[in-house]
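Student: missing the sequence, but the structure's below:
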């Protein structure tokens, strides 16, 4: 964490912190402890604000939701279907087991952040988001129509359509990799492990739908990097782990995507306004400057005693964050 937290603090004034550590952040007390470790690791004079989350399990209680809401440091609860992604083994096995916790979240206005994939081995990996919408999300919003839901790191046109058709309490985040790449970037010319994430990259038709959503100016779609640091060896292995690290140049990467879509005027709302509004947070009043100035991204980042390969390693972008 100490090796990479400075990247996030330079790019953003605050960030929603994922709870899928090992062991996971399942209680408010663990979230408070994790938050303090982040604050202790920040660069000197940084005012970066970590917005903590809890890891939803089959056993999360309404009492824990109450403690989280009243803590002042926990801003959401994350749903990982068991086995869906990195460190999700402790995730939810059956959504109905979480209904008492979800009812409390609905009452308190605490958002549910969703990793939206089914884990049924009979379902093709490229269809797992679509099937999750049909089998899990639609019944969920019928059961809890007032629950605030962020469908995180969406990857398909199906997800875009679902969010657009939902009420004001349904929103979504989109990552830089899903705006910039389709699945060819992972599979053509050999396996490219540093472009492997979950949910996986999809067809070009889906990427175009995500770009259209992100650049639409609709307040339901906002920035969410899902940036995940993994050591080179953990990615370049016989069973490489999922996750793309983009925090080193996140805003420049988003600017690249919006620039290619001729929609730079829509970037500020997507990056700075819509997420804060959905979470009920005040908009940041400080400014950053992105300048059209070429920069070549680093090939690797020191990661403790190891290294990690960041997104777009060694490539040249047209944008630089001053």
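Tutor: The structure has been received and is ready for your questions. Source: prediction; values computed, not measured. Numbers count the residues shown, from 1 in each chain.
Student: tell me the SS of the residue with the largest distance to the centre of the chain?
Tutor: Within the chain, residue 189 marks the point farthest from the mean C-alpha position, 27.8 Å out by Cα atoms, centre = their mean. Secondary structure state of residue 189, per DSSP: H, G, I helix; E, B strand; the rest coil, is coil.
Student: gap between it and residue 207?
Tutor: 18 Å (Cβ to Cβ, to the nearest Å). For the C-beta atoms, the positions are set from N, CA and C on the backbone; glycine is no exception.
Student: and if you look at residue 69?
Tutor: The value you get for residue 69 to residue 207, if Cβ to Cβ is used, is 37 Å.
Student: how about the strands in the protein?
Tutor: For the chain, the strands defined by DSSP state E cover 14-16, 49-55, 74-79, 112-114, 149-151, 170-174, 221-223, 290-291, 295-296, 301-303, 306-308, 316-317, 320-321.
Student: could I get the ones you listed as CSV with mean neighbour count, distance to residue 128 and mean pLDDT?
Tutor: CSV is the format used below for these (neighbours: other Cβ atoms under 10 Å; distance: least, Cβ to Cβ, whole Å; pLDDT from 0 to 100):
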stretch, mean neighbour count, distance to residue 128, mean pLDDT
strand 14-16, 20, 23, 98
strand 49-55, 22, 20, 98
strand 74-79, 24, 14, 98
strand 112-114, 23, 13, 98
strand 149-151, 25, 13, 98
strand 170-174, 24, 16, 99
strand 221-223, 24, 21, 98
strand 290-291, 14, 34, 98
strand 295-296, 13, 36, 98
strand 301-303, 16, 29, 97
strand 306-308, 18, 26, 98
strand 316-317, 13, 31, 98
strand 320-321, 16, 34, 98
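Student: residue 166 contacts residue 141, correct?
Tutor: Yes. Between residue 166 and residue 141 there is a contact at 6.8 Å, judged by Cβ atoms under 8 Å.
Student: which neighbours do the two have in common?
Tutor: Contact criterion Cβ atoms under 8 Å, 6 or more residues apart in numbering; residues shared by residue 166 and residue 141: residue 149.
Student: low-confidence stretches in this protein?
Tutor: The model of the chain has no residue with pLDDT under 70.
Student: pretty sure residue 62 sits against residue 104.
Tutor: Yes. Between residue 62 and residue 104 there is a contact under Cβ under 8 Å: 3.9 Å.
Student: what's the separation between residue 144 and residue 113?
Tutor: 14 Å.
Student: over to residue 206?
Tutor: Distance of residue 206 to residue 113, computed by Cβ to Cβ: 21 Å.
Student: residue contacts, residue 181?
Tutor: The contact partners of residue 181, by Cβ under 8 Å, 6+ apart, come to 195, 201, 207.
Student: let's see that with 6 Å instead.
Tutor: residue 201 (Cβ atoms under 6 Å, 6 or more residues apart in numbering).
Student: phi and psi next, for it.
Tutor: Main-chain torsions, residue 181, degrees, to the nearest 10: phi -130, psi 150.
Student: number of nearby residues for residue 43?
Tutor: 11 (other Cβ atoms under 10 Å).
Student: change the start of the numbering to 8 and stick with it
Tutor: Will do, 8 is the new start, and the previous item becomes residue 50.
Student: which non-adjacent residue is nearest it?
Tutor: Sequence neighbours aside, residue 13 is the residue nearest to residue 50 in space, at 5.2 Å (criterion: Cβ to Cβ, 6 or more residues apart in numbering).
Student: quick revisit: who's more crowded, residue 69 and residue 111?
Tutor: Per other Cβ under 10 Å, whichever of residue 69 and residue 111 has more neighbours is residue 111, with 20 against 15.
Student: just checking, the more buried one touches residue 70?
Tutor: No. In this structure, residue 111 is not within contact of residue 70 by Cβ atoms under 6 Å, at 8.3 Å.
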